[in-house]
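> Sequence isn't available, so here's the structure alone:
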């Protein structure tokens, strides 16, 4: 969900708060980005001062497939013997038996397929960036970004809602400004307030056409849809 409004700048809170991760510059690589997620949708937030990047992921964007060998057929019958060996202190024998019978033999497990990045470009404001801070509050799982450029204070909040099955991006500024929303790959088509993205995964095991619909009201039982409202 993308929502924009104009607000008056508020004094920043203390950076030294328990359960709060904060940084004085945008993330440059994946390990520096701050994570959000709701169990189905996920994102890594870079908090760029000129272009916001959110690397998206979704649970059904996966290159693998179900297999009859994913679960070992002899696991259940050997579980009591493994427990007995553990309780008797024979850990090496228990480990050997567990390695032989408990582990599945996945043949097409695959991997999570990366989705295109959501990009928010603040192209209309120029000048140096000052008073930059980005943070992740572990109490409410919200990634917050604040900085000033061109005499305008920008604030962003990004979080993933489990109840509504969406990722929300809230943009505020101390004066009216403009921004551009796009994706790093694929073809996006604007249909009223819905941005529909069509994307083909680059990996060979996932050459099927992946369609992600970005809309206002997610269906709770349809986990093939990725929603981004604005």
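Perfect, thanks for sending it. All of these numbers come straight from a predicted model, not from anything done at the bench.
> And the spatially most distant residue from the centre of the chain, how far from residue 82?
Note on the chain: the largest C-alpha distance from the chain mean falls to residue 88, namely 44.5 Å (C-alpha atoms, centre = their mean). To residue 82, residue 88 is 11 Å away according to C-beta to C-beta, to the nearest Å. Heads up, the C-betas are built off the backbone N, CA and C, glycines and all.
> show me where the protein has strands.
2-6, 20-23, 34-37, 41-45, 51-58, 117-121, 129-137, 142-149, 152-161, 166-173, 180-183, 187-191, 194-200, 209-214 (DSSP state E).
> Which of those strands has the highest mean neighbour count?
Across the strands of the chain, the average number of neighbours (mean count of other C-beta atoms under 10 Å) peaks for strand 41-45, which reaches a mean of 23.
> which residues sit in contact with residue 100?
By C-beta atoms under 8 Å, 6 or more residues apart in numbering, the contact list for residue 100 reads residue 78.
> ok, now which ones touch residue 159?
Residue 159 neighbours (C-beta under 8 Å, 6+ apart): 36, 140-143, 167-168.
> Need the residue closest to the centroid of the protein.
Nearest to the geometric centre of the chain sits residue 43, at 1.5 Å (C-alpha atoms, centre = their mean).
> okay, the residue farthest from the centre of the chain: pLDDT?
What the model reports as pLDDT for residue 88 is 96.
> Check the contact between residue 121 and residue 182; I expect there is one.
Yes: if you go by C-beta atoms under 8 Å, residue 121 and residue 182 touch, sitting 7.0 Å apart.
> for this protein, longest helix please?
When the chain is parsed with DSSP state H, its longest helix is helix 75-87.
> And that helix, how far out from the chain middle?
39 Å (C-alpha atoms, centre = their mean, to the nearest Å).
> could you say what helices and strands that helix packs with?
Contact analysis of helix 75-87 by 3 or more C-beta pairs under 8 Å, 6 or more residues apart in numbering; DSSP states H and E lists helix 91-101 as its packing neighbours.
> Which residues belonging to the helix it packs on are considered buried?
94, 97-98, 101 (16 or more other C-beta atoms under 10 Å).
> now it against helix 75-87, angle please.
170 degrees (axes from the mean of the first three to the mean of the last three C-alpha atoms, to 10 degrees).
> Please work out the average pLDDT along helix 91-101.
Helix 91-101 comes out at a mean pLDDT of 95.
> any idea how far residue 24 is from residue 145?
For residue 24 relative to residue 145 (C-beta to C-beta), the value is 12 Å.
> Common neighbours of the two, please.
With C-beta under 8 Å, 6+ apart, residue 24 and residue 145 have common neighbours residue 133.
> Who are the contact partners of the closest residue to residue 94 other than its chain neighbours?
Nearest residue to residue 94 in three dimensions, chain neighbours excluded: residue 85, at 3.7 Å (C-beta to C-beta, 6 or more residues apart in numbering). By C-beta under 8 Å, 6+ apart, the contact set of residue 85 is 91, 93-94, 97.
> Can you add distance to residue 113 and give these back as a markdown table?
Shown next, in a markdown table, are the contacts of residue 85 (distance: C-beta to C-beta, whole Å):
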| residue | distance to residue 113 |
| --- | --- |
| 91 | 39 |
| 93 | 40 |
| 94 | 37 |
| 97 | 36 |
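> can you tell me which two in those are farthest apart?
Spatial extent of the contacts of residue 85 (C-beta to C-beta) is set by the pair 91 and 97 at 10.8 Å.
> is it true that residue 34 touches residue 47?
Yes: using C-beta under 8 Å, residue 34 is in contact with residue 47, at 7.1 Å.
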